[in-house]
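Visitor: predicted model and sequence below, questions to follow.
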Amino acid sequence: MAEEGKAEKAEKPEQTEETEAKKTEKAEKAEKAKEKPKKKSTLKEFRDKTGIKASEELRERHKKQRQIVKAIKEALKSGPKTIPQIVSETNLESKVVTWHLFTLWKYGEVREVEEVEGYFTYELAEKSE
Amino acid sequence: MVEKYDALVIGGGVAGMESALVLADAGYKVLLVEKSPSIGGKMAELSKVFPTTDCAGCIISPKIAATSKHPNIKMMTYSEVKEIYKEDEGKFKVKVLKRPRYIDEDACIGCQRCEYACPVLVPDEYNYGLVARKAAYIYFAMASPRIAQIDLDNCILCGRCERVCPTEAVNFLQQPEELEFEVKAVILATGFKPFDAALKTEYGYGKYPNVIHALEMERLLAPSRPYNAVLRPSDGKIPDKVAWVLCVGSRDKSLGNPICSRVCCMYSAKQAILFSAAQLLADLTVYYMDIRAFGKGFEEFYNMAEDMGIRFVKGKVAKIEETENNNLIVRVENFETGEIEEEEYDMVVLAIGLLANSDVIKVFKNVNVELDPYGFINQFDVNANPVLTNVKGVFVAGCASGPKDIPDSIVEAGAAAAQCIDYLYELGYKISKVETAEPEGVVSGK
């Protein structure tokens, strides 16, 4: 299954293929932006004009997410682990760990290692380390 | 000055794209309006198609590319048609609301730096919440246009996206824009709404993490899946024993949808086949009321699933309950034995039905587009000309007029475009110059 998992992973297409022309166009746009004088922060202006701030609830949710991500990364520092192993080390709810761990996987911060008794083990990717 | 187009296509799924491409290839100018940040629709979420098990992404991406690049198609994504007034035959006034992405569309190069920098996690709609996206994000990898947007409702206004953007594309000052157009005809291709599985309370969707619906299973099976393999959402376990429950939200008067959704039997067989191919020893069961394998190659596909060892049980699932280890007990009345049976599974997939997505009719302000008794756009001449609505100059394509599979949606989309051309031709609007994308090297829709 581990092999199958890896084979399936290899199938996963990378981001949309880009033609050389498109890459050049992107690079040109990025170059042009560098040459331009630095734009004023629109966020600052937005805040000043509207007075809108992130709600307390949103900040709380974000804080909690950060703590969960930190706990998962901390658990993985000592080596590859399955989700149940992360759960027992962090005391977090299993589905919460799954959701955050696969989000880290999606953004390349965590990668799968091997299958152990019906579960994959995961480790921190270099990017995250 | 008001921009003029020959046709307005509402909906950028496979039917909308096909209609737009047929019209555009024939030389007509098309305005394509899509609500979500990218065209592609539901098909862009699927793993493979039945009964050929061809890769859905491989079929849809050339259409996405052709639609995006066609010189005769103006594509408006993240936009909504708000009002349509029919002023005369061949004359519709249209108001479109362009929602702000808080990103300068011309400057964004789709590099995703804003997304990687953004610290906020939000349930990812494209993956039905199985994982998170960021508050600054690109809708999905193949999205077209490949432009980021900032979800201001979930943004903590930290400004990281603005700081890392290499082209200074982030613009928090963007405002919604209301734009006016004049078109000669309208094609409604708004697709379907998936049945909300949580309404079938006895199956525990939303309460038990390992009860998922079929579109979630599609994401788990797709090459661009949210997990590294098909795994349980509760704990990442590789499921050995999986059940599919058919007719969830279809053929069910108690839930207000008495009709068959036409695709659930086959997509469930397809999912079981794909799952079985990835995990040869898995124990897979499909609970069904009737198997409706009516299309070309469908019966053979169903037989193939049985030959692969997938168990089909004719019965009605009454209840699903969760055990301590997040397994699921399925209680079913077996129609063939008359017995009440209980069986434990690692994961259960609910084959949700296709419901009408006809809110679009509210945008017509001085004409009434009729609905059928099930809430789909009424096919005014269902036997002789199923793409006509009751309003002349307004056509319907794909699942907007009722559940159907991908080939049928594409056929109907082509027919709607042909009828639209006929309507324009009758009114005397002929193409003076056919602009074809071929010489420029742009992929044709054909």
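Guide: All right, it came through fine. Numbering: from 1, shown residues only, chains lettered A, B, ... in the order given.

Visitor: for the residue nearest to the spatial centre of chain A, grab phi and psi.
Guide: The centre of chain A sits closest to residue A:107, judged by C-alpha atoms, centre = their mean, with a distance of 3.3 Å. With angles defined as degrees, to the nearest 10, residue A:107 sits at phi -90, psi 10.

Visitor: OK, contacts around the nearest residue to it once chain neighbours are set aside?
Guide: In space, and not counting its chain neighbours, residue A:107 is closest to residue B:116: 6.6 Å by C-beta to C-beta, 6 or more residues apart in numbering or on different chains. No exception for glycine: its C-beta is placed from N, CA and C like everyone else's. Taking C-beta atoms under 8 Å, 6 or more residues apart in numbering or on different chains, we find residue B:116 in contact with A:107, B:134, B:164.

Visitor: burial count for the residue nearest to residue B:76 when sequence neighbours are not counted?
Guide: Distances taken as C-beta to C-beta, 6+ apart place residue B:33 nearest to residue B:76, at 4.9 Å, with adjacent residues excluded. Residue B:33 has 23 neighbouring residues, counting by other C-beta atoms under 10 Å in any protein chain shown.

Visitor: need the longest helix for chain A.
Guide: If you go by DSSP state H, chain A has its longest helix at helix A:56-76.

Visitor: what sits up against that helix?
Guide: Residues contacting helix A:56-76 (C-beta under 8 Å, 6+ apart): A:54, A:81, A:85-86, A:89-90, A:92, A:96-97, A:100-101, A:104, A:109-110, A:122-124, A:128, B:119-121, B:154, B:156.

Visitor: separate out the buried members of those residues.
Guide: The neighbour count (16 or more other C-beta atoms under 10 Å in any protein chain shown) marks A:54, A:81, A:85-86, A:89-90, A:92, A:97, A:100-101, A:104, A:109-110, A:122-124, A:128, B:120-121, B:154, B:156 as buried among these.

Visitor: so which of the residues you listed are in strands?
Guide: Mapping the buried ones among the contacts of helix A:56-76 onto strands (DSSP state E) picks out A:110, A:122, A:123, A:124, B:121.

Visitor: quickly run through the sheet partners of the host helix or strand of residue B:186, with directions.
Guide: Assigned by DSSP states H and E, residue B:186 belongs to strand B:177-188. Strand pairing for strand B:177-188, using DSSP bridges, gives strand B:3-10 (parallel), strand B:91-98 (antiparallel), strand B:394-396 (parallel).

Visitor: ok, the residue nearest to residue B:3 when sequence neighbours are not counted - contacts?
Guide: In this structure, residue B:3 finds its nearest non-sequential neighbour in residue B:181, 5.2 Å apart by C-beta to C-beta, 6+ apart. The contact partners of residue B:181, taken as C-beta under 8 Å, 6+ apart, are B:2, B:3, B:4, B:5, B:8, B:31, B:93, B:94, B:95, B:96.

Visitor: so residue B:181 bridges to which residues?
Guide: Residue B:181 has these beta-bridge partners by DSSP bridges: residue B:3, residue B:94.

Visitor: so what's residue B:161 closest to, chain neighbours aside?
Guide: The nearest residue in space to residue B:161 (C-beta to C-beta, 6+ apart) is residue B:114, at 3.7 Å.
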